[in-house]
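Novice: what's the 3D shape of this:
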Amino acid sequence: MLVIGITGPTGAGKTTALRTLESLCVRVLDCDAIYHELLRSDAHLRRELIGRFGDVFDEAGLNRRKLGRLVWNDGVALNDLNGITHKYVMAALKGQIEDARQNGLPGVAIDAIALLESGAGDLCDTTVAVIAPKETRIARIMAREGIDRDYAAARVSAQKDGAWFAEHCDHTLRNDSTESAFQATCLDFFQSLLSSHR
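Specialist: Presented below is the predicted three-dimensional model:
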């Protein structure tokens, strides 16, 4: 079974790549979704967060604004938060990868914008950067989220650019044409990648 890491900046087309993988019977593991589920279901994670940051939970769950005020201007606190959360997410990823292996799936795709920085990339047999030109990404985010250009541009500028992802991954998928053309590119690429691993 092949474990594929998918990463890249916002608006580049990761969702299209992941849907293509799902069509090939590859299980997609979304690290953000796993983290949010763990916040709801894992009492050990909640206790560890409360032990480090105080009562950052309310009746609705994690109070992100309260936690954010504690970590965004404090590098030590942010590193502590990442250390706690990554430990639980990594354990969940390992369990789900093993489950997919036991079920005979051809592959698993780990979806994480911080794939390489978080250590999740170490679980992967290969990594794929999905990138697109900056202006294309800005336009996609504006259309997708109904936000103005300045806000979309600020979101794009706050992240590493496509060149960084391409340099640090084993493969690069460049999404600079139509969605249907990119879907075809993804299908050809992932079919080839999976068949070469069999």
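Novice: Show me the residue sitting in the middle of the chain in space.
Specialist: residue 112 (1.5 Å; C-alpha atoms, centre = their mean).
Novice: quick one, helices of the protein?
Specialist: Secondary structure of the chain (DSSP state H): helices located at 14-23, 31-41, 43-53, 64-71, 75-102, 115-118, 134-145, 149-157, 162-168, 179-197.
Novice: For my notes, please list these in a markdown table and give mean neighbour count and mean pLDDT for each entry.
Specialist: Any C-beta I mention is one placed from the backbone N, CA and C, and that applies to glycine too. Written out in a markdown table, the entries for these read as follows (neighbours: other C-beta atoms under 10 Å; pLDDT from 0 to 100):
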| stretch | mean neighbour count | mean pLDDT |
| --- | --- | --- |
| helix 14-23 | 18 | 96 |
| helix 31-41 | 15 | 94 |
| helix 43-53 | 14 | 96 |
| helix 64-71 | 14 | 90 |
| helix 75-102 | 15 | 94 |
| helix 115-118 | 20 | 88 |
| helix 134-145 | 16 | 93 |
| helix 149-157 | 15 | 90 |
| helix 162-168 | 16 | 95 |
| helix 179-197 | 15 | 94 |
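Novice: With distance to residue 8 added, can I get the ones you listed in JSON lines?
Specialist: JSON lines is the format used below for the helices of the chain (distance: least, C-beta to C-beta, whole Å):
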{"stretch": "helix 14-23", "distance to residue 8": "5"}
{"stretch": "helix 31-41", "distance to residue 8": "14"}
{"stretch": "helix 43-53", "distance to residue 8": "27"}
{"stretch": "helix 64-71", "distance to residue 8": "24"}
{"stretch": "helix 75-102", "distance to residue 8": "18"}
{"stretch": "helix 115-118", "distance to residue 8": "9"}
{"stretch": "helix 134-145", "distance to residue 8": "10"}
{"stretch": "helix 149-157", "distance to residue 8": "12"}
{"stretch": "helix 162-168", "distance to residue 8": "5"}
{"stretch": "helix 179-197", "distance to residue 8": "12"}
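Novice: Out of the ones you listed, which is closest to residue 7?
Specialist: Relative to residue 7, the nearest member of those by C-beta to C-beta is helix 115-118, separated by 4.0 Å.
Novice: Once you drop chain neighbours, what's closest to residue 175?
Specialist: Distances taken as C-beta to C-beta, 6 or more residues apart in numbering put residue 13 closest to residue 175, at 3.7 Å, once the chain neighbours are dropped.
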